[in-house]
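>>> Predicted structure and sequence below. I'll ask about it afterward.
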Protein chains: 2
Amino acid sequence: MTNDHATNAHPAQSTFARRTLFGATAAAALTATTVGRAQATPSTRTTPHTRTTPTTSTTRATPTLRIGVYLYDGFSLLDPTGPTEVLSRLPGAEVTMIADRRRPISTDTLATTVLADRAFTEVDHLDVLLIPGGDERGTIGAMTDPALQNWIRAIHRRTRWTTSVCTGSVILAATGILDGREATTHWSAAEYLETHYDVTYLPRRYVESGRIITAAGVSAGIDMALYLAARLTDEHTARAIQLGIEYDPQPPFDAGDATKADAALKARAAELILASQKR
Amino acid sequence: MTNDHATNAHPAQSTFARRTLFGATAAAALTATTVGRAQATPSTRTTPHTRTTPTTSTTRATPTLRIGVYLYDGFSLLDPTGPTEVLSRLPGAEVTMIADRRRPISTDTLATTVLADRAFTEVDHLDVLLIPGGDERGTIGAMTDPALQNWIRAIHRRTRWTTSVCTGSVILAATGILDGREATTHWSAAEYLETHYDVTYLPRRYVESGRIITAAGVSAGIDMALYLAARLTDEHTARAIQLGIEYDPQPPFDAGDATKADAALKARAAELILASQKR
């Protein structure tokens, strides 16, 4: 092991790393983007509901893309984090974690706690709204909270895209904005979605209907977010993000398609989900 | 829209939801697992360094599987959250977010802040250690922190599996535990890994070498975690988790394989990554 960098650690560390750790492509990109980066990088985060007034005179200032992710206790970790990984790489993206109030929000398994940076009452405009899925208590809680439901309806009026992952589509359905539309959800909630709402379930990775895109269970949010990235920018940018997150999926098994799963596997899946939910 | 559940919200909400929102499979699984669930679900989380003494007399008590995820400022969000979504569904899994101390840790984009529940000095034993990748400052910081490097070496001595995602493998390499081994990392850090350490880079989704599994960039952690889930339990369980997270990936583009990407796409990917890093 040649641990040679241990001796030139702190001061020049950042420059050192960019030139070497991430290789020649990164160095080339850095040269190309130094100017844009200097102006695009705020030293503190701006709030999602405050428009940032451009102060530079460059011709290609990137407009801010306000993306809000609504979190509630019991959300499934990958539902918001997969899309956030993708969407936060978009030029001008400003992704904010939103909840009932600014506080720590824990996943269904209690394995992970994410800080919500804004109360939903503080946010009155978003370009993209994303509602993740979660455990039954969290999902039903969001479906039956009148203030939250009103906020979703109000935000949806002016979004470019209103999106959901997993059972997040049932939360959207409860607001009425999916009435008469096609949508998807986690396979285990499909019957519920169709039975309780005027919604046609489609067993697809994601379903676009007007300005609404719903994604299937948990991991489907990644596929949806790449599609959304292309719609928000262009295909080359979306492809570059896909390369950036090295998303060339090769699961070791072929077991993720519920339409091909047998009853025993479905029962085991539901059993593991329920047993892992610690709230 | 038949918003009939709005009237029977709180008290019986949980039962209601399990019986209907998640469908018949969930109800069947619930029946099958009620006993196991009651004994497997602690009302408060136990610490990862405390062995839980089984107190029940059942024959199939699930041993605790201690999984620790080390977070540092500048980590990439999906690196730890993809595997955590998978591994937290394993029977007996207890996933803990660990950092230099108990504090909020922000991603490279500053979009998301995750709470670390334990300082690494509080953790002396893990069954599975996972080191995510991150931005250059975060990665180099972890590579050059002697106390952290010593902790990783000490923990690795007794893990069942020591794992990494993305540039997390460079952090592992800095400890020396990858000496003479094959490993993978984010495509942009491959040259660095091979040049600076006695490690052979393989452009695969994940590489197993002894008790160490390294995953490629960001999203590859999901594939790795499903493989690891099977090694920790059995293939049927891993397949059930895959179905639970509906991981039947269908990215809208075929752009995630760096060995097939042209220079322009690589440069754009690096440009977007660097521009999105707000620290």
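Yes, it's here. Residues are numbered from 1 along each chain as shown, chains lettered A, B, ... in the order given.

>>> Enumerate every residue touching the residue nearest to A:Tyr192 when sequence neighbours are not counted.
Distance criterion C-beta to C-beta, 6 or more residues apart in numbering or on different chains; nearest residue to A:Tyr192, sequence neighbours excluded, is B:Leu21 at 4.9 Å. Heads up, the C-betas are built off the backbone N, CA and C, glycines and all. Neighbouring residues of B:Leu21 by C-beta atoms under 8 Å, 6 or more residues apart in numbering or on different chains: A:Glu136, A:Thr139, A:Ile140, A:Thr167, A:Val170, A:Ala189, A:Tyr192.

>>> for chain A, what spans make up the helices?
Counting by DSSP state H, chain A has helices at residues A:13-20, A:23-40, A:78-87, A:136-143, A:146-158, A:168-175, A:190-196, A:220-232, A:235-244, A:263-276.

>>> Mind putting those helices into JSON lines with mean pLDDT and distance to B:Ser209?
Below are the helices of chain A laid out as JSON lines (pLDDT from 0 to 100; distance: least, C-beta to C-beta, whole Å):
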{"stretch": "helix A:13-20", "mean pLDDT": "50", "distance to B:Ser209": "24"}
{"stretch": "helix A:23-40", "mean pLDDT": "51", "distance to B:Ser209": "23"}
{"stretch": "helix A:78-87", "mean pLDDT": "98", "distance to B:Ser209": "27"}
{"stretch": "helix A:136-143", "mean pLDDT": "96", "distance to B:Ser209": "39"}
{"stretch": "helix A:146-158", "mean pLDDT": "98", "distance to B:Ser209": "48"}
{"stretch": "helix A:168-175", "mean pLDDT": "98", "distance to B:Ser209": "39"}
{"stretch": "helix A:190-196", "mean pLDDT": "95", "distance to B:Ser209": "41"}
{"stretch": "helix A:220-232", "mean pLDDT": "98", "distance to B:Ser209": "27"}
{"stretch": "helix A:235-244", "mean pLDDT": "98", "distance to B:Ser209": "26"}
{"stretch": "helix A:263-276", "mean pLDDT": "95", "distance to B:Ser209": "28"}
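
>>> Please identify the most buried of those helices.
Counting by mean count of other C-beta atoms under 10 Å in any protein chain shown, helix A:78-87 has the highest mean neighbour count of these, with a mean of 30.

>>> who does it touch, helix- and strand-wise?
Using 3 or more C-beta pairs under 8 Å, 6 or more residues apart in numbering or on different chains; DSSP states H and E, the elements in contact with helix A:78-87 are strand A:65-70, strand A:93-99, strand A:128-131, strand A:161-165, helix A:220-232, helix B:78-87.

>>> right, and these - which one's nearest B:Arg204?
Smallest distance to B:Arg204 across the helices and strands packed on helix A:78-87 (C-beta to C-beta): 16.4 Å, for helix B:78-87.

>>> Now do the closest one: everything it contacts.
In contact with helix B:78-87 (C-beta under 8 Å, 6+ apart) are residues A:76-78, A:81-82, A:85, A:111-112, A:218-219, A:222, A:245, B:67, B:69, B:71, B:93, B:95, B:97, B:114, B:128, B:130, B:132-134, B:163, B:165-166, B:168, B:215, B:218-219, B:221-222, B:224-226, B:228-229, B:241, B:245.

>>> and what of stretch A:236-243?
Applying C-beta under 8 Å, 6+ apart, the contact partners of stretch A:236-243 are A:86, A:89-91, A:226-227, A:229-230, B:251-253, B:255-256, B:258, B:261, B:265-266, B:268-269, B:271-272.

>>> average pLDDT for stretch A:111-126?
The pLDDT scores in stretch A:111-126 average 98.

>>> How far off centre is that stretch?
In terms of C-alpha atoms, centre = their mean, to the nearest Å, the centre of stretch A:111-126 is set 13 Å apart from its chain centre.

>>> cool, and stretch A:122-133?
On C-alpha atoms, centre = their mean, the centre of stretch A:122-133 falls 10 Å from that of its chain.

>>> What residues sit buried inside it?
Using 16 or more other C-beta atoms under 10 Å in any protein chain shown as the test for burial, stretch A:122-133 gives A:Val123, A:Leu126, A:Asp127, A:Val128, A:Leu129, A:Leu130, A:Ile131, A:Pro132, A:Gly133.

>>> Could you report the neighbour count for the residue nearest to the last one when sequence neighbours are not counted?
Spelled out, it's A:Gly133. Take A:Gly133 and drop its neighbours on the chain: the residue closest to it by C-beta to C-beta, 6+ apart is A:Cys166, 2.6 Å away. A:Cys166 has 33 neighbouring residues, counting by other C-beta atoms under 10 Å in any protein chain shown.

>>> Verify the stated contact: A:Cys166 with A:Ala216.
Yes: here A:Cys166 reaches A:Ala216: they are 7.3 Å apart, a contact under C-beta atoms under 8 Å.
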